[in-house]
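In: Return atomic coordinates for the entry below.
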Amino acid sequence: MIQTQYGTFNGDTWEDLCQLVFKSKYGDQNYQEMPASPGDFGIEGFIKNNGVAFQCYCPDRHYTQKELYDKQRDKITKDLNKLKKYEADIESRIGSNKIKEWIFLSPSITDNELLKHSQTKQEEVKLWNLSIIASDFKVILKDADFYAKEIHEIQSAKGNKLIFLSALDDIENIPLKDMNEYEKNISRKNEKRCIFNGAIDEKKHNRLNKITSKKWTDGDTFLGKIEKEASEIYFQIIRVISQYESEVEELCITWQGDSEVLISKIKDELGVRIGEAIPSLGEAERYKIADETTSKWLALCPLDIE
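Out: This next block holds a predicted model:
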């Protein structure tokens, strides 16, 4: 099993997901699944309209980059060789159609040496002059991101939590932009959050400013990713944020308690509202959105600390 930004997979569950993706995306183009019975011919599906064949591969565990390259390279070689070995069997199943593209789909591809290998194998296959191979035959590598939209739609339809996070970046490794008026807002508000025993802790204040600024800028990037991969989910999130924003301004005006309690209350409430509106969204995703939106509100208002 391996963990990806789209979930946890092994060879079987990855192939199952890929088949659902292909049927959803290419069903109207006469996509045909190629079950591995009575034999595995190096093709797991075929689009009759344009001669595109698919082969899926998922590693059985997490490998180093070199190990993963070796596994993927060997899989490509083995399955392309099956086109030659089972030429007659494949022809009897795809008819007069010729394979113009052979797409190798794996959760991730991390070594560009695999591109070099695929080009070498591409030219080798063309030299075989097989009846099932087009003269302009191509080997193409794709990772899961090529089908992100379809994967999220399928996961949502099956009731799975949608996942958009792979890992959180280290705050220290990303430089911040020069201070502008919004970062001045952040600094002013965070100054009040960093007063201990009547005095401001400058070290904590500077650190908190960096964290808040990064969360704010990361939030726009993260929402942009969701908009690209799941537009309906994105617009639901924006609607919830917009509805709550006007309430936040009023809450800040009337708030009489501690500033940290106020900020925590806003984060928690926004996270709950997003979860209620979009139950298919993962818990980590909705609270990341709430956290980063709160930082944005510190920068732009309406979240003010008196």
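In: Contacts made by stretch 286-301 with the rest, please.
Out: Residues external to stretch 286-301 that are found in contact with it (C-beta atoms under 8 Å, 6 or more residues apart in numbering): 165, 182-183, 185-186, 189-190, 212-213, 215-216, 218-220, 222-223, 237, 241, 245, 248-249, 263, 266-268, 270-271, 274-275, 278, 303. Bear in mind the C-beta positions are built from the backbone N, C-alpha and C, glycine included.
In: show me where pLDDT drops low in the stretch 201-306 of the chain?
Out: Residue ranges of the stretch 201-306 of the chain with pLDDT under 70: 301-302, 304-306.
In: how about the helices of the stretch 151-300 of the chain, start to end?
Out: Using DSSP state H, counting those that start in this stretch, the helices of the stretch 151-300 of the chain run over 181-193, 202-229, 231-254, 259-277, 283-300.
In: Select only the buried ones of the contacts of stretch 286-301 in PyMOL?
Out: Of these, the buried ones can be selected in PyMOL as follows, counting by 16 or more other C-beta atoms under 10 Å:
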select buried, resi 182+183+185+186+189+190+212+213+215+216+218+219+222+223+237+241+245+248+263+266+267+270+271+274+275+278+303
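In: quick one: average pLDDT of stretch 149-157?
Out: What stretch 149-157 shows for mean pLDDT is 85.
In: can you list the residues that contact it?
Out: Residues from elsewhere that reach stretch 149-157, judged by C-beta under 8 Å, 6+ apart: 6-7, 17, 20-21, 24-25, 144, 161-163, 228-230, 233, 280.
In: Take these and keep only those in strands.
Out: Among those, the ones falling in strands (DSSP state E) are Gly7.
In: So which bits of the one helix or strand Lys116 maps to are buried?
Out: Per DSSP states H and E, Lys116 falls inside helix 113-127. Using 16+ other C-beta under 10 Å as the test for burial, helix 113-127 gives 114, 117-118, 121-122, 125-126.
In: Kindly state the domain boundaries assigned to this protein.
Out: 2-150, 176-300 (automatic domain parsing).
In: Please dump those domains into JSON lines; it should also carry distance to Ser156 for every row.
Out: What follows is these, written out as JSON lines (distance: least, C-beta to C-beta, whole Å):
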{"stretch": "domain 2-150", "distance to Ser156": "11"}
{"stretch": "domain 176-300", "distance to Ser156": "5"}
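In: what's the single longest strand in the chain?
Out: Counting residues, the longest strand found in the chain (DSSP E) is strand 133-142.
In: Parallel or antiparallel, which strands does it pair with?
Out: Here strand 133-142 has these sheet partners by DSSP bridges: strand 99-105 (parallel).
In: The partner strand - what's its average pLDDT?
Out: Computed over strand 99-105, the average pLDDT equals 97.
In: which one in the protein is furthest away from the centre?
Out: Distance from the C-alpha centroid of the chain, by C-alpha atoms, centre = their mean, peaks at Gly198 (45.4 Å).
In: Tell me, what's the model's pLDDT at it?
Out: On pLDDT, Gly198 comes in at 80.
In: which of the buried residues of helix 113-127 lies closest to Gln32?
Out: Nearest to Gln32 among the buried residues of helix 113-127: Val125, at 20.7 Å, using C-beta to C-beta.
In: wait, isn't the closest one in contact with Val139?
Out: Yes. Between Val125 and Val139 there is a contact under C-beta atoms under 8 Å: 7.5 Å.
In: what do the two both touch?
Out: With C-beta under 8 Å, 6+ apart as the test, Val125 and Val139 both reach 80, 102.
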